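Any chance you could fold what I've pasted below:
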Amino acid sequence: MRYILLLFIFLNVSLLTTSIKADNRNKIINQKSEMESIKVEVKESQKRLDSLKSEGITIQKQISDIDQRIVTNQKVIKRLNQQLNGVHGKIGDTEDKLNQNKNRFNTAQNRYLGDICKFYVRAVRLPRESFWETPMAEVKRTRQNMYLAALADFESKNIDKAAISITQIVDSLNQLTNEKERVASLKKNKEVATALEKSRKLKEKKSLESLRREKMSESDRMLTLQQAAKEIEQIIVRLENERRKRQQANQSRPTEPSIFVTLKGQLTCPYQGKIVVPFGSSVDPVTRLESFSSGITIKGRPSAPVVTVAGGDVVYIGNLRGYGNFVIISHDEQYYSTYGGLGKVTVNLGEYVPSETILAAAGDNGLVKFELRSGREPLDPVKWIRIDAF
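Below you'll find the model as predicted:
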């Protein structure tokens with residue numbers, strides 16, 4: 001009887017040890033898988049940082065080219081201003097000359113008309129026959145008439161010269177006015193071009209600032225990933241040491257077929273919301289780099305409940321990859337579901353949780369990352385969750 005009791009105790013201890021060892025092995029496999037996933041994300045993050053750095057250099061070169069064009073335009077505008085001031089001065093001088101010639105023209109014209117008037121007045125007042133006059137008086141009148149005629153001819157020539165000068169000055173003034181309009185138009189075009197370049201420079205500066213913020217965010221993310229990788233590596237080392245200490249000579253019990261695999265397409269949705277990051281490969285719209293997502297990211301209401309997709313054992317509770325609290329559920333010790341971006345976790349490590357058990361509330365940003373794995377192989381969660389779940 002004592003022998004049977006000892007045998008029974010030995011078998012129970014052996015089964016418990018085997019169960020603990022299998023559970024510990026699953027933890028190690030899952031932690032290694034998570035670490036490999038983080039290492040991949042670190043490499044992708046480094047590529048993204050390199051791409052952002054290259055794009056930043058390109059934008060800085062564009063800003064430098066814009067500055068050079070602005071400086072060139074400002075020099076041209078300065079030269080055009082000087083040219084415009086010179087044209088304004090010439091126009092002022094030409095207008096002064098025009099006014100002087102108009103005055104000369106009016107003076108000569110008035111004198112000419114005055115001389116003509118005098119000539120005709122004298123001609124009208126003279127009698128046709130002046131027998132009573134002396135020969136000397138006749139000579140005097142003849143000389144006066146000749147003088148008036150010569151004076152009128154002189155003023156007439158002055159009028160002609162003034163008229164020609166006025167015409168030339170008007171032509172010159174028109175040319176200067178056209179030159180003024182041409183230079184002013186060039187100046188305006190350069191000012192508009194400079195304003196556009198300044199606007200383009202401001203836009204490029206905003207893009208550069210946005211790029212710098214994104215680069216800083218990506219750097220922080222990469223540091224977080226690297227720290228998470230170190231933490232997981234430490235967990236794996238600890239689990240490996242525990243596994244070696246617990247290793248027994250007897251073999252593990254045979255693996256039973258998984259019930260979880262029969263639930264494909266029938267799983268409960270872990271969190272109500274919209275899928276913002278799908279499973280698989282995708283191209284970043286900013287960096288144009290291709291990356292692989294081993295799960296899906298759901299955007300929903302902050303503090304909304306996050307539930308288990310199926311029954312299983314809680315094998316890990318921690319904080320990973322900057323997603324807040326992180327929980328891993330083991331299903332039949334062959335499949336794993338992971339839940340990231342959680343608030344306060346309401347389940348305990350090692351606890352068995354039925355389907356639709358509330359694990360935690362979603363974090364403040366309302367982003368929950370959910371993954372399904374068959375051992376280390378990631379699965380597309382959308383193919384396993386009920387089609388009407390979202």
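
Pull the distance from the strand or helix carrying residue 274 to the chain's centre.
Using DSSP states H and E, residue 274 sits in strand 273-277. The chain centroid and the centroid of strand 273-277 are separated by 24 Å under Cα atoms, centre = their mean, to the nearest Å.

for stretch 359-375, same thing?
31 Å.

before we move on, back to that, tell me what whatever helix or strand comes next after the strand holding residue 274 is packed against?
Remark: after strand 273-277, the chain's next helix or strand is strand 280-283, criterion DSSP H and E. Secondary-structure packing of strand 280-283 (3 or more Cβ pairs under 8 Å, 6 or more residues apart in numbering; DSSP states H and E): strand 290-293. Every residue, glycine included, has its C-beta placed from N, CA and C.

before we move on, the earlier item: could you list the paired strands of the strand holding residue 274 along with their orientation?
Applying DSSP bridges, strand 273-277 is found paired with strand 296-300 (antiparallel).

which of the residues in the strand holding residue 274 are buried?
residue 273 (16 or more other Cβ atoms under 10 Å).

Same question for stretch 102-118.
Of the residues in stretch 102-118, those buried by neighbour count under the rule 16+ other Cβ under 10 Å are 104, 105, 108, 109, 111, 112, 115, 116.

May I have the strand ranked longest in the chain as PDB, with CA atoms only?
In the chain, assigned by DSSP state E, the strand with the most residues is strand 335-345. Output of strand 335-345 as PDB, limited to C-alpha atoms (Å, rounded to 0.1, in the frame of the first residue of the first chain):
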ATOM      1  CA  TYR A 335      -1.400  28.900 -29.900                       C
ATOM      2  CA  TYR A 336      -0.900  32.300 -28.300                       C
ATOM      3  CA  SER A 337      -2.900  35.600 -28.300                       C
ATOM      4  CA  THR A 338      -1.200  38.800 -27.300                       C
ATOM      5  CA  TYR A 339      -2.800  42.100 -26.200                       C
ATOM      6  CA  GLY A 340      -0.800  45.300 -26.100                       C
ATOM      7  CA  GLY A 341      -1.700  49.000 -25.300                       C
ATOM      8  CA  LEU A 342      -3.700  48.100 -22.100                       C
ATOM      9  CA  GLY A 343      -4.400  50.100 -19.000                       C
ATOM     10  CA  LYS A 344      -4.500  48.400 -15.600                       C
ATOM     11  CA  VAL A 345      -4.600  44.600 -16.100                       C
END
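
Can you name the next helix or strand after it?
strand 352-353.

what packs against that following strand?
strand 312-319.
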